[in-house]
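Colleague: Pasting the sequence and the predicted model now:
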Amino acid sequence: MIVVSNVEKKFDKQRALKNISVTFEQGKTTAIIGSSGSGKTTLLRCLNLLEMPDSGTITLADHRLDFSSQKKVTAEEIVRFRRKTGMVFQSFNLFPHLSALDNVTEGMVTVKKQTKAEAHLIARELLVKVGLSDKEKMFPHQLSGGQQQRVAIARAMALNPEVLLFDEPTSALDPELVGEVLAVIKDLAVAGMTMIIVTHEMRFAEEVADHILFFDQGEILDQGSAEHIFHQSTQARLQQFLNKLTH
């Protein structure tokens, strides 16, 4: 479980996140929706400490970081916290000189200090899970965008994180490749993986998310089940956002 309390983030004088408080339940999938620039990705990056909040606290399991005090968060605390999360980016971020197998293996060897034999065994199991058991020797340039993103998901899972963070995982894909990545994420949701997904795929969010947050101008304007967000909410800005997507 992740508990975010009163988190603020500014870029220059602009408040990207305004006093955000939200709980992400263990074993549940949360989708974050909203227009570009609304603060969705900023929150996700704060959860992985790629951006450091200016104030507030973030608690992941028994690890609590306080950004309100005068004490600076240490590099050791950041590393320990990041080991509990796996991040999947829009642009895959695979190592171009490594095969699919070695991309998945790299973190286990360098971060967890596992032997290559141990890491390869786990990596092969993960490539089976994302449907790429026959692609382990291929390099990123030999894979489609959808396949690269599935390797990236396997790599994020390799460190056995407590939560997976997805930053618009299908936005860089051709439309016909989107489905294969979403299918993998759906399987993870069914298996009970804790996931937080920033997405523009409204149908996907409605199908897979246990909870949905609607962001606008750095704030959570509405949240709830898919039924509430897509069919019951009367929040005016949310309705405007959904109507624009529909048309």
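Modeller: Perfect, I can see it now.

Colleague: now the strands for the protein?
Modeller: For the chain, strands defined by DSSP state E occupy the ranges 2-11, 14-24, 29-33, 55-60, 63-66, 85-88, 163-167, 195-198, 211-216, 219-224.

Colleague: Would you format the ones you listed as TSV with mean neighbour count, distance to Gln240 and mean pLDDT included?
Modeller: (Glycine included, C-beta is placed from N, CA and C.) As requested, the strands of the chain are exported to TSV (neighbours: other C-beta atoms under 10 Å; distance: least, C-beta to C-beta, whole Å; pLDDT from 0 to 100):
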stretch	mean neighbour count	distance to Gln240	mean pLDDT
strand 2-11	18	25	94
strand 14-24	17	19	94
strand 29-33	25	13	95
strand 55-60	18	28	92
strand 63-66	15	35	88
strand 85-88	22	29	90
strand 163-167	23	24	93
strand 195-198	26	20	94
strand 211-216	23	9	96
strand 219-224	18	11	96
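
Colleague: Same list as before, those that is, but in TSV and with distance to Ala183 included.
Modeller: What follows is the strands of the chain, written out as TSV (distance: least, C-beta to C-beta, whole Å):
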stretch	distance to Ala183
strand 2-11	25
strand 14-24	23
strand 29-33	14
strand 55-60	28
strand 63-66	32
strand 85-88	15
strand 163-167	14
strand 195-198	14
strand 211-216	20
strand 219-224	25
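
Colleague: Now the residue nearest to the spatial centre of the chain. Nearest residue, chain neighbours left out?
Modeller: In the chain, the centroid-proximal residue (C-alpha atoms, centre = their mean) is Leu165; its distance is 1.7 Å. Spatially, and ignoring its direct neighbours in sequence, Leu165 is nearest to Met87 (4.8 Å; C-beta to C-beta, 6 or more residues apart in numbering).

Colleague: Asp54: how many residues sit nearby?
Modeller: Counted with other C-beta atoms under 10 Å, residues neighbouring Asp54 total 16.
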